[in-house]
Each structure stands twice: as C-alpha cells, then as structure tokens.
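Q: Next one to model:
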Amino acid sequence: MAKVITLGETMVCFSPDSAAPLRYVSSFHPRIAGAESNLAVGLAKLGHEVLWISRLGEDEFGHYVQNMIRSEGVDTRAVRFDEANPTGIMFKETSRGETAVYYYRKHSAASAMEPEDLDESLFEEAEILHITGITPVLSESCRRTVERAVELAKRHGVRISFDPNIRRKLWGDRDYAPMLRDFCRESQILLMGLDEAKVLYGGESPEEIFAAVYGDGAVQLAVLKDGGNGAWASDGKQILYLEPWPCRPVDPIGAGDAFNAAFLAGVLEGCDLQTCGRMGAVAGAMATETDGDTEGYPDRRKLQRILENREQIYR
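A: From the prediction side, this is the model:
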C-alpha cells in the first residue's frame, strides 16, 4: 500500500520551442504539469510508494498523462477516466528568463472530482496525505473532495501535509484565503512559499509567521520557501535557516514541489529537521536546472551523493 496519498489535477503542458510571445511560436512539445503529481513523481524517484488520485478525460491526453505519471513509478490505480469532460491543458510562454502560463482547464475532468472518487481503504495504511490549495478552488465538488480526504486522513491517523500553492488566476474575484487558512489549521505539516504565508498570516518575518502558525492549529512542522533566497523550517521549538543549494536555473516551475517531495521523504525516513530541510533545498534547486516540471528531480542515488558531498565521476 502507498505510504503517501495525494490528489489533484494534472494537465498536458505545451512548452514552446522558442522564447517569444505565443503569437509568434509555431511549434510546441508536450509535457505534464500538476503540483500534486509533481510531488508524487518526486517521492517515487526517491524510492517511496505514493498514490495519485485524480480524474482524467477519456481522451488521448488523459491516457498520455496517466502513462507519463505511471512511468515514473507512481501508483495511478485510483485515477478515474471521465467520458463527459476533457483533460485540461495549458501553454507556457517564456521570455527573458520569465515563464507565464495560460490555462484551459474550465470544465475539465479533474474539476468534476467528487468525494465518491475516494476509496477509504486506501487511507488505512498511508502515513501522509498531501494536498494543495489548488484543488479545492477548482470547483465546489473539488473542495468537498479535498475535505473528504482530510476527514479520511484524520479517521485513520494519517498526517496531513498542505501547500497553499496560491494561484491568483484560479481565484478570480473571490478570496479563498480563509478557506486555505482552515486547511493550514488541519495540517500537521505546512509547506508554504514566503509570499503565500504573508497573504495568509500577514507577518513579514519568518519569526512572526511561525508564531502565527503555531499559535493556531495542529501544525507540527512548517517550512517557508523563498526560492533563491533559501528557506526556513520550524518544529515549533526552533527555527532553522536553510541555505539555497547552488544551481544554474533554467525554469523555476516545479521547484517548490520538488522541495516538498524531498522534505516529506526525509519525514518518512525519520530524519531530523535540518536533514529534511537540506534534502528539500537540494531537490528544489536541481528542479530548476531543466525545462519541464519534474525532469530535473533527483533520484535517491543522486540526492544521497550530494548530501554526502561525494564527487560525481563522469569520465
């Protein structure tokens, strides 16, 4: 049985073959993109059993997504194929080192997820449920599905890991911050971007934010990620600064999910807070060094070599 369960939408992502406004791009290549499946792939590469739950369209894109995720060692048996709704797609646009994304996911199969899509038996031997703030804002049925997953996790003693993963394009004119704070309070492991934490908790410094986090809710471990500036981790008793791992970034998308995956791998392995944080920092940095969300994620051997400061022999 999978030790980690996650659920959410994965889309087919069309990446341009040139850096320019999309009106001038004539060719694209497909990849997959989804915060939760990114995390699942990251954990699987590090040798952990992980289950990804979602709905995909009963179309060629849906089978492409499942094949890609399954090929990385992720358990996809809980995926449902939807004949009434299509697989979501998105397009990337790159220019001057920046990446913009355009979503075409309205009425997608994943947005039609229902609580009935969750098999309670899957939670009986799991250790961690990882959710994000993306899925519950896709639709009311998705919100109910995430709430049901949290309920099942609590019933079976499964720790809840939450990344708010704020997506303003999905929020529209609604304020989902109160709902996301509710999920924060339900979680034992909270993995946030520093900017997201400021939106949800209002503090400016890590100390202020951690004080707010631990003053309300069930949180046992919390992380504030700040990209190339490093990160901070706390267990409620101490705050550790995690230096950024040196890298040559190409595309930052997927780095936060890589950090989450490696950090949770450390938690599953019983590592101390410093080691969990260092694992996350290394994986997050490596994720930025390739195009695509997960292509740069390290496997167990590569991550271990870096953690042990062993030199890689190439020739």
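
Q: Only C-alpha atoms from now on, for both contacts and neighbour counts.
A: Will do.

Q: Okay, and the nearest residue to residue 247 once chain neighbours are set aside sits in which element?
A: Among residues not flanking residue 247 along the chain, residue 285 sits closest, at 5.9 Å (CA to CA, 6 or more residues apart in numbering). Residue 285 is part of helix 273-287, with elements assigned from DSSP states H and E.

Q: From the contact counts, what lies against the helix or strand following that helix?
A: Later in the chain than helix 273-287, the nearest helix or strand by DSSP H and E is helix 300-307. Secondary structure elements in contact with helix 300-307, counted by 3 or more CA pairs under 8 Å, 6 or more residues apart in numbering; DSSP states H and E, are helix 273-287.

Q: Go again with 10 Å.
A: Here helix 300-307 is seen to pack against helix 35-45, helix 273-287 when contacts are counted using 3 or more CA pairs under 10 Å, 6 or more residues apart in numbering; DSSP states H and E.

Q: Could you dump those helices into JSON lines and include mean neighbour count, mean pLDDT and distance to residue 228?
A: Written out in JSON lines, the entries for the helices and strands packed on helix 300-307 read as follows (neighbours: other CA atoms under 10 Å; pLDDT from 0 to 100; distance: least, CA to CA, whole Å):
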{"stretch": "helix 35-45", "mean neighbour count": "27", "mean pLDDT": "98", "distance to residue 228": "19"}
{"stretch": "helix 273-287", "mean neighbour count": "25", "mean pLDDT": "96", "distance to residue 228": "8"}
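
Q: can those go into CSV with extra columns for distance to residue 147?
A: Written out in CSV, the entries for the helices and strands packed on helix 300-307 read as follows (distance: least, CA to CA, whole Å):
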stretch, distance to residue 147
helix 35-45, 16
helix 273-287, 27
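
Q: got the CA coordinates for stretch 70-86 in CSV?
A: The C-alpha coordinates for stretch 70-86 follow below in CSV (Å, rounded to 0.1, in the frame of the first residue of the first chain):
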residue,chain,number,x,y,z
ARG,A,70,2.8,5.9,-14.1
SER,A,71,6.1,5.6,-15.9
GLU,A,72,7.8,7.4,-13.0
GLY,A,73,6.7,4.7,-10.6
VAL,A,74,3.6,6.5,-9.2
ASP,A,75,0.5,4.3,-8.4
THR,A,76,-2.3,5.6,-10.6
ARG,A,77,-4.9,2.9,-9.9
ALA,A,78,-7.2,5.3,-8.3
VAL,A,79,-7.5,7.6,-11.4
ARG,A,80,-10.9,7.7,-13.0
PHE,A,81,-11.5,8.4,-16.6
ASP,A,82,-14.3,10.8,-17.4
GLU,A,83,-16.2,10.5,-20.7
ALA,A,84,-18.1,13.7,-20.2
ASN,A,85,-15.2,16.1,-19.5
PRO,A,86,-11.8,16.6,-21.2
